[in-house]
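>>> Provided below for reference: sequence and predicted model.
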Amino acid sequence: LSGRLILMEVATGATRDLPTSAPVWALSFSPDGKRLAAGGNRSATIWDLDAGSTLPIVLPHELNIWMTAFSPDGTHFLTASSDRRVRVWNTADFSASPVSLTGHQSEVWCAAFSPDGKTVFGGGKGGDLLAWDITQSETARDFYLHDQPFVPSFSPDGRYLVTNHGDHGHLHDLTEHDRQPMRKGLLALGISPDGTTLRLADWSGRTASAPVADPQQITFHDRVPLPAPVHHSLSIADGRWIVRVLDNGTVVVLDPADGRIVHQLEGPRPGMRHTVEGSADGRLIAIGGDGSREMTLHDLRTGKARTLAPASSYYYVASAFSRDGMYLAAGDLSGPIQIWNVSDGSLVVTLPGHPEETSAVAFSPDGRTLASMGFHQDLKLWHAATWREVHSANIADAGFHLRFSPNGDGLLFTTGRTGNERAEWLPAPWPQQ
């Protein structure tokens, strides 16, 4: 804060003062160690450490700088500022105008390059995490998920993302970097298969819809009497159905177009952990949970149900269909993951999963990759052709939700405890060995 910057040679202890007249809040060396950057009060300063008395490069800013960083190959340099922007310079010519990366709704407190230097991530004061593909100079994704995202859901084209904060939903336009809140008490469950309509519901059992283009134009459906209070709601099968899990364990399937009940299915033991998932074509619903060590497949066209074997060693808390409907994956509270062939119900493989609870599973859109998450443990990727583990990352606060983007360019996963969840982004490509 004094404005004094001291460079010390570790081997000899010799020190050297670098000229700066402003407080310094961020420091970074270039990968080759030849440059030092400092960010502070309305400017970033870059010294050429081999150039002796050569005057440093000064990059003026409108507001304070909280982070500086060089790309892994040293060809780019960034700053994160209170003016809600991340700026990126080409280090070959600092006199050229930087690329200005926008979208944050609050001060940008941190920023970093991806290992390949192609993506910049920025974290804001308000909890928003943005990612930009700097090879295209445009924002790749905005992942502000508020405090309680429930089950994040993308639109079919990947442009929109719906999340929920407390008792109301939010629609995120990932192209325009805009988000709009729903009316208080109205949850955003998903988006219709054609990408035009929001699927909405309140806690009392009433459903609603709204155009994605104008989410404030809400149409409420007639209230449908339910046999018990609603425990929670979700949208499955890419928005084809709204599912309401009731306090008595019943799973009610609603037509999102008018809110009428189309199916009532036997669900998990009331009030206990469970999983409900639908196939992409909307025909099948898989249900598992406490009170039953089995996964049950319900065929909504025939009304028939069948149990998949073998039984869980404990019970299932996460499930996902592959996009083509060939496989169903289910995560066990004790850790293993079982994969079934949906057509005949045969067990394909049991994966070791995670040391404790497998809290979420998801297939990539092309079906080549299965992602799984161990609650407060780790994130793993599995190659679906061989069912071999191809990637693992320790995530101490891994959460309950995984979602691949519709075009497969990344994986959205939540971290933190219920009521204070955040989202993170793992970009493609996925390991396939």
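Right, received. Where do you want to start? What you see is a predicted model, and the numbers here were worked out from it, not measured in a lab. Residues are numbered from 1 along each chain as shown.
>>> what sits against residue 36?
Residue 36 sits next to 7, 18, 27, 28, 29, 30, 46, 47, 49 when contact means CB atoms under 8 Å, 6 or more residues apart in numbering. C-beta here means a position set from N, CA and C on the backbone, and glycine is covered the same way.
>>> please redo it, this time with the cut-off set to 7 Å
The contact partners of residue 36, taken as CB atoms under 7 Å, 6 or more residues apart in numbering, are 7, 27, 29, 47, 49.
>>> tell me the contacts of the second one?
In other words, residue 27. 36, 38.
>>> partners of residue 378 in the sheet?
residue 374, residue 394 (DSSP bridges).
>>> per-residue confidence at it?
pLDDT recorded at residue 378 is 87.
>>> same question for residue 150.
Reported pLDDT for residue 150: 50.
>>> likewise residue 54?
61.
>>> tally of neighbours for residue 287?
Residues contacting residue 287 under the criterion other CB atoms under 10 Å number 25.
>>> avg pLDDT for the helix or strand hosting it?
In the assignment (DSSP states H and E), residue 287 maps to strand 284-289. Across strand 284-289, the average pLDDT comes to 91.
>>> skipping its backbone neighbours, what lies nearest residue 115 in space?
Excluding its sequence neighbours, the residue lying closest to residue 115 (CB to CB, 6 or more residues apart in numbering) is residue 72, at 6.1 Å.
>>> and residue 275, by the same measure?
Nearest one to residue 275, counting by CB to CB, 6+ apart, is residue 319 at 4.4 Å.
>>> secondary structure class for the one you found?
At residue 319 the chain is in strand, as set by DSSP: H, G, I helix; E, B strand; the rest coil.
>>> what about it, distance to residue 388?
21 Å (CB to CB, to the nearest Å).
>>> out of the two, which sits in the busier spot?
residue 319 (24 against 13).
>>> so how far is residue 223 from the more buried one?
30 Å.
>>> kindly report the same for residue 383.
47 Å.
>>> looking at these two, which is more packed in?
Taking neighbours as other CB under 10 Å, residue 383 and residue 223 compare with residue 383 leading, 17 against 12.
>>> tell me where the stretch 1-150 of the chain has strands.
Using DSSP state E, counting those that start in this stretch, the strands of the stretch 1-150 of the chain run over residues 5-8, 15-18, 24-29, 35-40, 43-48, 57-60, 65-70, 76-81, 86-90, 99-101, 108-113, 119-124, 129-133, 138-142.
>>> give me the neighbour count for residue 246.
Using other CB under 10 Å, residue 246 has 19 neighbouring residues.
>>> so what's it up against?
Per CB under 7 Å, 6+ apart, neighbours of residue 246: 226, 227, 228, 229, 230, 231, 252.
>>> who does the residue nearest to residue 275 form a beta bridge with?
Bridge pairing for residue 319 - DSSP bridges - gives residue 330.
>>> quick check: end-to-end length of stretch 154-164?
13 Å (CA to CA, to the nearest Å).
>>> then stretch 293-305?
16 Å.
>>> just the residues contacting that stretch, thanks.
263, 265, 283-288, 306-308, 311-312, 314-316, 319, 330.
>>> buried among those residues? Make that a PyMOL selection.
Only the buried entries of those go into this PyMOL selection, using 16 or more other CB atoms under 10 Å:
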select buried, resi 265+283+284+285+286+287+288+308+312+315+316+319+330
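>>> and the helices in this protein?
Remark: no helices are assigned in the chain by DSSP state H.
>>> dig out what residue 284 forms beta bridges with.
Beta-bridge pairing for residue 284 (DSSP bridges): residue 299.
>>> quick one, what contacts it?
Residue 284 makes contacts with 278, 297, 298, 299, as judged by CB under 7 Å, 6+ apart.
>>> mind giving me the ChimeraX command for buried ones among these?
Buried residues among the contacts of residue 284 (16+ other CB under 10 Å), as a ChimeraX selection:
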select :278,297,298
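>>> nearest to residue 427, of the contacts of residue 284?
residue 278 (27.1 Å; CB to CB).
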